[in-house]
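Engineer: Okay, structure incoming, though there's no sequence with it:
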């Protein structure tokens, strides 16, 4: 485009003539000036159009990146904690980013669901077709993840909120205050619930000792408590270390016998932390991570003996101590055709004959699974059997096929407990004297069918068959005698001193 310089007058050169007043020369100059004015106006319009185009390009370049802002401010949300406050905070972050950066509606929704993961991402995939705008996205999100909890659930969460071992008191403070605020508790009730969950008893007492209930005031008291506690710990730890250094230097200079380290530590009156082994505080107020719990029962970490799942047999059917009154009830018992005896005890109050599992396996007994609850007098806990079997039990002259209950070895001390299943068999009799317990078949007792009267109606003469029989004092004994032509065993009762009976 040719631009004319308006400062230089434009003139046409015509052939010289003497007629200088010609009207044609005036008309040409006017037309030229009109053309120049039109060109100037067109150039101004073009400049305005170019400036507008350049301004639009600069505006598009200045729009900030959506993803960079989200990465810095909007966290990932999985929706798996059930915390409604966390969901509301996440949605508010997305809305704030959209407002500050003037994001379009669809861009806001796309960038919002891109920050979902886990359960929240699966929720979006299930509602993706109906969420065609960010407004619908926010409405459905609030209805799903920010539904209001019941007062009961909120109260339970608040009351169970305690300061964790590895949690700072400030993190616990603000979280507990938030829960109390949701329940609209008074300032005094909020302070009470806050002190209940503190791990430090001393800090709880310090907060309750003053009447300040404001959030800022309580936070100031906590900061002051920690500052004083930290200063005291540093001071007294330094003093203790200096004392130990002085003691060590004195020992080296005097070349005396070294004092054990635990004797030096005992001279300090300050408490020692069993968690970090430092002086000046106890384990309850220690800021370091707690040592794992150790169970004294199973020797495993993570729980205590109170909550140990490892079962320990603590029920015994009989006592393990054999005293003088019990020794006569302990008998040698043989199983089936085996000549090897086992140790058994006669229990006339037991409804079953009970055998240890190892004994049953030793004699190759066929044990059938059976759950029989065994109860002991005075014990509220029952013992479950391992199984049930049958075998021939031989004691003295008695041989009987009986049913036997099998239990674990830890339940009882003796190999077998002989109960009613043997003692109540037909024709089986047993007699307990002062010195022995005898089992036999069809044991004859004189006059067992005769009614005993107060006065003796008839007397019988008897002869002792053994060379000598000793009848202990205040006891009874079964003695073999002969009356007429019959030999029988007679139970003699002695209410006096010891008597010796000779043959004849």
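Structural biologist: On my side now, so go ahead. The model shown is predicted, which means the values in this text are computed figures rather than measured ones.

Engineer: ranges for the helices of the chain?
Structural biologist: Remark: helices assigned in the chain by DSSP state H are 23-61, 66-73, 84-101, 105-113, 119-126, 134-145, 151-160, 169-182, 187-196, 201-208, 215-254, 261-266, 357-362, 420-423.

Engineer: close enough to count as contact, residue 272 and residue 279?
Structural biologist: Yes: the pair residue 272 / residue 279 is scored as a contact, 5.4 Å apart, by Cβ atoms under 8 Å. From N, CA and C alone the C-beta is placed, and that goes for glycine too.

Engineer: what does stretch 172-192 rub up against?
Structural biologist: Applying Cβ atoms under 8 Å, 6 or more residues apart in numbering, the external contacts of stretch 172-192 come out as 85, 151, 154-155, 157-158, 161-164, 193-194, 197-198, 207-208, 213-215, 218-219, 222.

Engineer: repeat that with 7 Å
Structural biologist: With Cβ atoms under 7 Å, 6 or more residues apart in numbering as the test, stretch 172-192 has contacts from 151, 154-155, 157-158, 161, 163, 193-194, 197, 207, 213-215, 218-219, 222.

Engineer: Just the buried ones from those, in PyMOL syntax?
Structural biologist: Filtering those down to the buried ones (16 or more other Cβ atoms under 10 Å) takes a single PyMOL command:
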select buried, resi 154+155+158+161+163+193+194+197+207+213+215+218+222
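
Engineer: okay, the helices of the chain in a markdown table with mean pLDDT and distance to residue 327 next?
Structural biologist: Formatted as a markdown table, those follow (pLDDT from 0 to 100; distance: least, Cβ to Cβ, whole Å):
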| stretch | mean pLDDT | distance to residue 327 |
| --- | --- | --- |
| helix 23-61 | 74 | 106 |
| helix 66-73 | 50 | 86 |
| helix 84-101 | 80 | 74 |
| helix 105-113 | 79 | 84 |
| helix 119-126 | 83 | 71 |
| helix 134-145 | 82 | 76 |
| helix 151-160 | 82 | 59 |
| helix 169-182 | 85 | 66 |
| helix 187-196 | 87 | 61 |
| helix 201-208 | 85 | 58 |
| helix 215-254 | 72 | 63 |
| helix 261-266 | 45 | 50 |
| helix 357-362 | 90 | 21 |
| helix 420-423 | 86 | 19 |
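
Engineer: Tabulate the ones you listed in TSV, adding columns for distance to residue 292.
Structural biologist: What follows is the helices of the chain, written out as TSV (distance: least, Cβ to Cβ, whole Å):
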stretch	distance to residue 292
helix 23-61	58
helix 66-73	37
helix 84-101	29
helix 105-113	41
helix 119-126	31
helix 134-145	35
helix 151-160	22
helix 169-182	22
helix 187-196	26
helix 201-208	23
helix 215-254	24
helix 261-266	25
helix 357-362	36
helix 420-423	51
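
Engineer: Next, count neighbours for residue 386.
Structural biologist: Using other Cβ atoms under 10 Å, residue 386 has 20 other residues around it.

Engineer: Okay, and the beta partners of the residue lying closest to it once chain neighbours are set aside?
Structural biologist: Excluding the flanking residues, the one nearest residue 386 by Cβ to Cβ, 6 or more residues apart in numbering is residue 406, at 4.8 Å. Note on residue 406: beta-bridge partners by DSSP bridges are residue 355, residue 387.

Engineer: Let me see the contact set for residue 406.
Structural biologist: Per Cβ under 7 Å, 6+ apart, neighbours of residue 406: 355, 357, 360, 367, 385-389.

Engineer: please redo it, this time with the cut-off set to 8 Å
Structural biologist: Contacts of residue 406 by Cβ under 8 Å, 6+ apart are 354-357, 360, 365, 367, 385-389.

Engineer: go on, residue 283?
Structural biologist: 273-275, 290.

Engineer: that older thread, any chance of the contacts of residue 406 in a markdown table with distance to residue 468 as columns?
Structural biologist: Below are the contacts of residue 406 laid out as a markdown table (distance: Cβ to Cβ, whole Å):
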| residue | distance to residue 468 |
| --- | --- |
| 354 | 41 |
| 355 | 40 |
| 356 | 42 |
| 357 | 47 |
| 360 | 44 |
| 365 | 44 |
| 367 | 49 |
| 385 | 49 |
| 386 | 50 |
| 387 | 50 |
| 388 | 48 |
| 389 | 46 |
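
Engineer: From the residues you listed, pick the one nearest residue 33.
Structural biologist: Closest approach to residue 33 among the contacts of residue 406 (Cβ to Cβ): residue 386, at 126.7 Å.

Engineer: Verify the contact between that closest one and residue 408 for me.
Structural biologist: Yes: with contact defined as Cβ under 8 Å, residue 386 and residue 408 form a contacting pair (5.9 Å).

Engineer: Need the overlap of contacts for those two.
Structural biologist: residue 357.

Engineer: Spatially central, which residue of this structure would that be?
Structural biologist: residue 303 (7.1 Å; Cα atoms, centre = their mean).
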